[in-house]
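[1] coords below, sequence missing:
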C-alpha cells in the first residue's frame, strides 16, 4: 500500500456504485468520504467495506448546497497525506491507473498535480468519441498546492508544474434515460443559478443555436456517431442540458421582472 496518498470521494446516494468505487481506491492508506445526505443503505455498504479495509476511512456528512468546489475543498481540509486522489462515487480507478499512481508517487519530483483521462461508460458502452471521448481532469495533486473553484463544473487549480497520466479512471454514469434526465435537470438548475450570480444574460438566439451547435460539434465533428446508439443518446442529452441551462436562466430573469 502506498504511504503518502489520500483518496477523496464525494457521494450522495450511489447505492449500486459506491462499493466498486471504494474497492478501486483501497490501495490508498486513507479514504475521506464526504456524504451529501446519503441514505442508510449507502452508509451500511460503506460500513461493511470498512470492516475489511486495512487503512483509515474517514466519513463526513456535509451538505452540498449546490457548490461542488466548496464540497471538494471541505474534503481537502480533512486529508492527512501530501497527495490526494479525488473521484466521485460513480467512478472507479482502473488497475493500471492504480499501478501508475503508485509508481509515480515514489518519486514525483517537482510535479504538483496530474491530469487523468476519464472514460465514460453509458448503457454498457465505452464512449470513445464525442464530448467525453477524450477528456482529462486534474484529479491527482498535492493537497496544499491548490483550491477547487466554480460551484458547478468545478476545476482544481494547482500552482506549479502539472503532468498527464497514461491510464484512465472509469465513469459509469446513468443506468437509464430517467436517471440521466434527473441529473440533467439538477445540473442545469445549478448552472443557471451560477450564471445568474455572475450577472450573465441570455437571449433568443443563444437558446436556439447553442444547443444545436453543441449537438453538431459532438455528434458529427467529434465523431460521436461512431459510438452508435449510446453516442447518439449522449449527444442529444448533453445538447438538451445546454438548452435547459439557458432556458432556466432566461426564465429566472423573467421572474425577477414580474416580482421586482
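    Received it, and whenever you're ready, just let me know what you need. Here the structure is a predicted model, which is why all the values come from computation and not from measurement. Residues are numbered from 1 along each chain as shown.
[2] what separates the residue nearest to the spatial centre of the chain from residue 183, distance-wise?
    Residue closest to the average C-alpha location in the chain (CA atoms, centre = their mean): residue 88, at 5.8 Å. Distance, residue 88 to residue 183, by CB to CB, to the nearest Å: 12 Å. Bear in mind the C-beta positions are built from the backbone N, C-alpha and C, glycine included.
[3] How much space separates the residue nearest to the centre of the chain from residue 14?
    Going from residue 88 to residue 14 by CB to CB gives 8 Å.
[4] shared neighbours of those two, anything?
    residue 21 (CB atoms under 8 Å, 6 or more residues apart in numbering).
[5] Show me the strands in this structure, by range?
    Per DSSP state E, the chain carries strands over the ranges 5-11, 30-35, 56-61, 83-88, 91-93, 111-122, 125-126, 135-142, 146-149, 155-158, 161-164, 169-172.
[6] Relative to residue 102, which of the ones you listed is closest?
    Residue 102 lies closest to strand 5-11 among these, at 8.4 Å (CB to CB).
[7] Show me the contact partners of that closest one.
    18, 21-22, 25, 28-36, 38, 42, 68, 71-72, 75-76, 79-81, 83-89, 101, 105, 143.
[8] try 6 Å
    With contact meaning CB atoms under 6 Å, 6 or more residues apart in numbering, strand 5-11 is reached by 18, 25, 28, 30-35, 38, 71, 75, 79, 81, 83-89.
[9] relative to strand 83-88, how tilted is that strand?
    Taking axes from the mean of the first three to the mean of the last three CA atoms, to 10 degrees, one finds that strand 5-11 is oriented at 20 degrees with respect to strand 83-88.
[10] and the angle from strand 5-11 to strand 30-35?
    Using the same axes, to 10 degrees: strand 5-11 against strand 30-35 is 20 degrees.
[11] hmm, back to that, name whatever forms a beta bridge with the residue nearest to the centre of the chain.
    For residue 88, the beta-bridge assignment (DSSP bridges) gives partners residue 10.
[12] Give me the distance between it and residue 154.
    Separation of residue 88 from residue 154 (CB to CB) stands at 11 Å.
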